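**Q** just need the structure, nothing else, for what follows:
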Amino acid sequence: MGVRHEARMRLEQRTAGDGNASAAVRDREGWPSRRAAASRMTRFSALFAAAVAVACLSAWPYVKAHLQSIAVMREISGQPAPWIARGLTAPVTVEDLSYPIETPTGLQQVRARLYLPPKQPNAPAMVIFHGVHHLGIEEPRLKAFATAMAGCGLRVLTPELPGIKDYRVSVDSARTIGESVKWFAAQTGGPVGVMGLSFSGGLALVAAEDPQYGPNFKFVFVVGSQDSMERVSRYYMTGRDVRPDGTVEVMKPHEYGPLVIEYEYLEDFVPAVDLEPIRAVLRAHLYEDKPGEDQALHALNPAQMREALALMDTSLPSTRAGIVAAIERNAYKFAALSPEVHLRTLTTPVYLLHGGADNLIPSAETLWMASEMPRQDLKAVLVSPALTHVDVDGQQPGTMDRWRLIHFFALVLRAAESK
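**A** This next block holds a predicted model:
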């Protein structure tokens, strides 16, 4: 037993020695060892950290745009930006100015306001056109939105459209839009992003399709706009707007819709001698100027008073019949104010946003625009229950509705910031 035990011990020592020798050989020949494995792990960790850093840098513009979008949405709602987004916006400077544009009757001065981000003289540029509102560029929601967008690092121009300000939708406004975009593009050195609210959005699409203006448009962001003026006008009488899929959007129209038609085509409703006195009444009524409305009414004679009161009551069968007749007589004028005949040949990127509760221009109009555009030019489309017409005061939105709206604005911000 002793001899066998000693022999076994010598064999184990010899085997261990061979193993140590083999390990030494593996080290010399470059086989894996603990030191080599540790070195490789260090290199892998460094590469992984670098990859994470690159991914974070790549994702930052996306994250930043969404945080800025949240800040913009909060600001136009009259709420402070959340703390996480406060460092991504900055105070802006505001300048009033005017510039000349070409019109069929000669040069015309356009009043405008310029919102500038701090210390960014070459910031990307954007033009925002107000909707149908008598305050024009003084409208508080427009000022808040322009300020918020400039705070995100954009040079923002808000031109005044005299026709749209006076509740008139005309080809003159489409021309002013095109000329204003052309002027600002020349000032800033390249195409500019364009945002149009309400009927101005549809007119911006009409201008963008015009070869003399199109090259100056980087993109068009349309909010609550018309595709067909005739279809919208008929909606005011029926409360129904057919969608592209054949279904029907049913909603009680805003009272302003029929009044705008009366105001625009007043000569179809009253004798020429009564035009100006009654126009003054309707203007004050649309402007929500109650003292001015009362004063204008008291200046009328009895016959004019009856005419004015009948026009303001758009539920009267006689008044409704007159509006329908005016739509029929002026339908041929609507094509020049409707994107529908221009969209198939449009080559400008477009973003379409509409409020699901919009009863001035129904959201079916945006669905029509989306169906008529070349797919490569339609960058995003959203009908949101969080909006009414151009206001962030729709129905109580769910979490996904809020996210979709934030994401939509983030896409527009990234498009505006791109060179």
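
**Q** for stretch 226-234, what is the distance to the chain centroid?
**A** What separates the centre of stretch 226-234 from the centre of its chain is 20 Å, taken as CA atoms, centre = their mean, to the nearest Å.

**Q** quick check: mean pLDDT across it?
**A** Taken as a whole, stretch 226-234 carries a mean pLDDT of 96.

**Q** which outside residues touch it?
**A** With contacts defined as CB atoms under 8 Å, 6 or more residues apart in numbering, stretch 226-234 is touched by 169, 199, 201-202, 241-242, 257, 261, 327, 331, 334, 337-340, 343, 361-362, 365-366, 368-369, 372. Where you see a C-beta, it was placed from the backbone N, CA and C, and this is true even at glycine.

**Q** from what I can see residue 207 touches residue 171, true?
**A** No: between residue 207 and residue 171 there is no contact under CB atoms under 8 Å: 10.0 Å.

**Q** have a look at the two and say which one is more surrounded.
**A** Ranked by neighbour count (other CB atoms under 10 Å), residue 207 and residue 171 place residue 207 first, with 30 against 13.

**Q** packing partners for the helix or strand containing that one?
**A** Using DSSP states H and E, residue 207 sits in helix 199-209. Applying 3 or more CB pairs under 8 Å, 6 or more residues apart in numbering; DSSP states H and E, one finds that helix 199-209 contacts strand 125-129, helix 162-165, helix 171-188, strand 192-197, strand 217-223.

**Q** write the ChimeraX selection for whichever of the contacts of stretch 226-234 are buried.
**A** With 16 or more other CB atoms under 10 Å as the criterion, this ChimeraX line picks the buried residues out of the contacts of stretch 226-234:
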select :169,199,201,202,241,242,257,261,327,334,337,338,339,340,343,361,362,365,366,368,369,372
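
**Q** which of the contacts of stretch 226-234 fall within strands?
**A** Among the contacts of stretch 226-234, the ones falling in strands (DSSP state E) are 241, 242.

**Q** just the ones of the contacts of stretch 226-234 in helices?
**A** Mapping the contacts of stretch 226-234 onto helices (DSSP state H) picks out 199, 201-202, 257, 261, 327, 331, 334, 365-366, 368-369, 372.

**Q** hmm, who's touching the helix holding residue 207?
**A** 129-132, 161, 164, 169, 173-175, 177-178, 181, 194-196, 213-214, 217, 220-227, 229, 336-339, 342-343, 345-346, 348, 350, 361, 369.

**Q** switch the cut-off to 7 Å
**A** Here helix 199-209 makes contact (CB atoms under 7 Å, 6 or more residues apart in numbering) with 129-132, 161, 164, 169, 173-174, 177-178, 181, 194, 196, 213-214, 217, 220, 222-227, 337-339, 342-343, 345-346, 348.
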